[in-house]
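Visitor: Generate a structure from the sequence data that follows.
(2 chains)
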Amino acid sequence: MSTMKAKSNRPKVNPFQRRPAKGKGNVVSFNDADDADEDAEVRNRELKSKDDLKLNARKLLQVRTTLPVYQNKDVILNHLIENPVTILIGETGSGKSTQIPQFLLDHLYSTKQHGSIAVTQPRRVAAINLATRVAAEHGCNVGKQIGYSVRFDNTTSGKTRLKYLTDGMLLRELMMNKKLNEYSVIIIDEAHERTVLTDLILGFLKALINGPRPDLKIIVMSATLQAERFSAFFNDAPVIFVEGRKFDVSQYYLTAPSDDIVDSVIRTVVQLNQGEPLGDILCFLPGQEEIDKAVIIMEKISGIIHRETSVPLMIPLPLYAALPPAKQAIVFAPIKGFKRKVIFSTNIAETSVTVSGVKYVVDSGLRKVKVWRHQLGLATLLTVPISQASAEQRSGRAGRESEGKCYRLYCEKDFKKLPAQTEPEIARSDVTSPVLMLKRYGVKDIVNWTWFEYPGKEALVMALQELYQLGALDDFGDITKKGEQMALLPVQPHLSSVLIQANASDCLSDVIDVVSCLSVENLLLNPLPEQRDEVNERRLMLCNGGKKYGDLIMMKELFDVYFYELGKGASSTSERQSWCKELCLSYRGFKNVIKIRNQLRMYCGRLFEGSQLAASEEGEELGEGISANSERIARVLKCFLVGFSKNTAIGMPDRSYRTVATGETISVHPSSLLFLNKSCPSIMYIEYVFTTKGYARNVSRIELEWLQEVVVNGNAVAKERSTA
DNA sequence: GAGCACTGC
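Guide: Take a look at the predicted model:
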């Protein structure tokens, strides 16, 4: 192949090979929105008059009719009607997620058929935005004929015939109504993303149409060419292809591989900035470490380059999930003047968020991935090469608004060696929760279930063992009463077993508060290095119990301050926000904690007879705090010990810790309040992650006699039960 | 002395 330079004035560092634009691979259409969850929820509730709705719908129809899917409406609809299962491959901008469900809805109305249509999405925001858009196109308010159902927010009503929902939500519905009688059509959207939950739904649907629901119509929608896989699974179901509408993206490759990826990214960006017309640059890097490094370098050089060479001023911006929301928001604000945004992002910008204005993509070809080791019971965080599909998806981010360019920081021959598709999540995940779900559904033979992707015997055996140890399964592998309760609680099995124990130990309210905090990712933000010690000091000052007993008790203490002390009076919001800022906590995270807490209190109230848990009002009087009450602290931690007995480690004379399960050395994660505290007789941790070494995360101090009491005696009880 | 990304009646 001949090598040519994309632009003759390109400096000779980092030469790229040019490949003709294929312009394929952008998966996400307008439905992928910014981080505007809450705003969307509020916006949707504004009711419009019928005339306004109709007028608006007529306007939108003009746009709809230009969509590729709309132009092939009759062909597609006839196909969907004639076949029980259809695989629909539609590229970005084809309008498949908004139009196909409406075609079917109109068909249901015109033929006076019963039943409604469900469309699943992997993300909340997508479900909400799609329902909002489609309701507008249909000329109704959200929650009438068209609605959505996501955790904490259900806008559907008796009138709803078309429902957008997260795939987690459809699985919940499956647990409640095994045959999904309410629906005549199920559409699985974004199936190519292959999330654990999407894969599970595919398995359930196959079992349904082969069994009690042969009449159920299924449509699997996917953006990439995994068609054969879906088709084969559903008995060679027919496949339809719909073209998309997107702009071409030219690809450039390195001619020699790079050894320093951050350096390589910076060089590419600087060159690009010199030679290319204005437009923002989106750079994909594997993780926060590389991103922070790149931002620091760019901050140092961009001003100098701008002054010396009269090129646009480059504004470096980081983007990753652990970033405080306010800093994330900066990325989405348009920029004016002779400047361009240079966004350094993790995979979050690949599917979850869309940044407008991006004309150039720089792709490191790497990502970080969490891989579960069944034998070791720990998660490893690895930096690995992406798949070809993922590379196409990343490059597509440059072609959303106009033609774009993508610079791949690897050789073309190496691109061709990449796996075609990303390994499905279920193949590298802990399947304890999915297996409990199957058991709750009534699946006897887990191994021979209709798995879309078989997670492997080892994974299943470990999951079954785990569930047995938690008391969710009996000696025959059948679900116990405890298992039934666990499956109904919206937390992972280990935490739901903690909740059940807490009910028995009469400390449910305290434990719910801690579990709610644990359920929110990034509640405790990472302070900047220069603020680290200061923030830690402030947290320690506030959390006397946490200082000794660790992160779980700290969470409870922080929650109490947030919920009870700051929840009073008119200025509570601003007070809470500044308090969160001071302690480097996520205000939005705490709002989610409250939502989860209310949901858990409601579920537990229903699940456990006699436990009276109302969704308590924020700002009500707090009784005695937990800080000075060591008996109460012990009771709470012993409940956690029941669910996490496997996650314990004993303190050694050299002040290291050895895990009880395998005797391996484990370190307290530096984010833990107990990181500097070397005097715990033993510790219990919620998560065991291997990065550079084995780290315990969310760590608590455990007294040896508690271990004796809960773990050893608990095992004796389990033994008794199994021999009885 | 460290933090891929999602999600739940």
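
Visitor: Return the residues of the stretch 501-650 of chain A in contact with DNA strand B.
Guide: Those residues of the stretch 501-650 of chain A that sit near DNA strand B, judged by CB under 7 Å from any atom of the strand, are A:E521, A:N526, A:R532, A:D533, A:N536, A:Q599, A:Y603. To be clear about C-beta, it is placed using only N, CA and C from the backbone, and glycine gets the same treatment.

Visitor: Please work out how many residues are found near the closest residue to the first one other than its chain neighbours.
Guide: What it means is A:E521. For A:E521, ignoring the flanking residues on the chain, the nearest one in space by CB to CB, 6 or more residues apart in numbering is A:A321 at 7.4 Å. For A:A321, the neighbour count with other CB atoms under 10 Å is 14.

Visitor: quick revisit: could you identify the most distant pair in the residues of the stretch 501-650 of chain A next to DNA strand B?
Guide: Pairwise distances across those peak at 40.1 Å for A:D533 and A:Y603 (criterion: CB to CB).

Visitor: more crowded one of these two?
Guide: Counted by other CB under 10 Å, A:D533 and A:Y603 do not tie: A:Y603 has more neighbours, with 19 against 10.

Visitor: Identify the residues contacting the helix or strand containing the more buried one?
Guide: In the assignment (DSSP states H and E), A:Y603 maps to helix A:587-607. Around helix A:587-607, the neighbours that count as contacts under CB atoms under 8 Å, 6 or more residues apart in numbering are A:151-152, A:325, A:485, A:488-491, A:499, A:503, A:508-509, A:512-513, A:515-517, A:519-523, A:559, A:562-563, A:576-577, A:580-581, A:611-616, A:618.

Visitor: And the pLDDT for the residue in the stretch 501-650 of chain A positioned nearest to DNA strand B?
Guide: Distances between the stretch 501-650 of chain A and DNA strand B by CB to the nearest atom of the strand are smallest at A:N526, namely 3.1 Å. As predicted, A:N526 sits at a pLDDT of 82.

Visitor: what about it, how many residues close to it?
Guide: By other CB under 10 Å, 16 other residues sit near A:N526.

Visitor: Also A:E537?
Guide: Going by other CB under 10 Å, the residues that sit close to A:E537 add up to 10.

Visitor: Ramachandran angles for A:V249?
Guide: Dihedral angles of A:V249 (phi, psi; degrees, to the nearest 10) stand at phi -120, psi 120.

Visitor: who's in contact with it?
Guide: Contacts for A:V249 (CB under 8 Å, 6+ apart) come out as A:A21, A:G23, A:V361, A:S395, A:G396, A:A398, A:G399, A:E403, A:G404, A:K405, A:C406.

Visitor: Who are the contact partners of the residue lying closest to A:T224 once chain neighbours are set aside?
Guide: The shortest distance from A:T224 to any non-neighbouring residue, by CB to CB, 6+ apart, is to A:H192 (4.5 Å). Residues in contact with A:H192 (CB under 8 Å, 6+ apart) are A:V27, A:S222, A:A223, A:T224, A:Q226, A:A389, A:Q421.

Visitor: A:W706: helix or strand, and which one exactly?
Guide: Secondary structure (DSSP H and E) places A:W706 in helix A:704-706.
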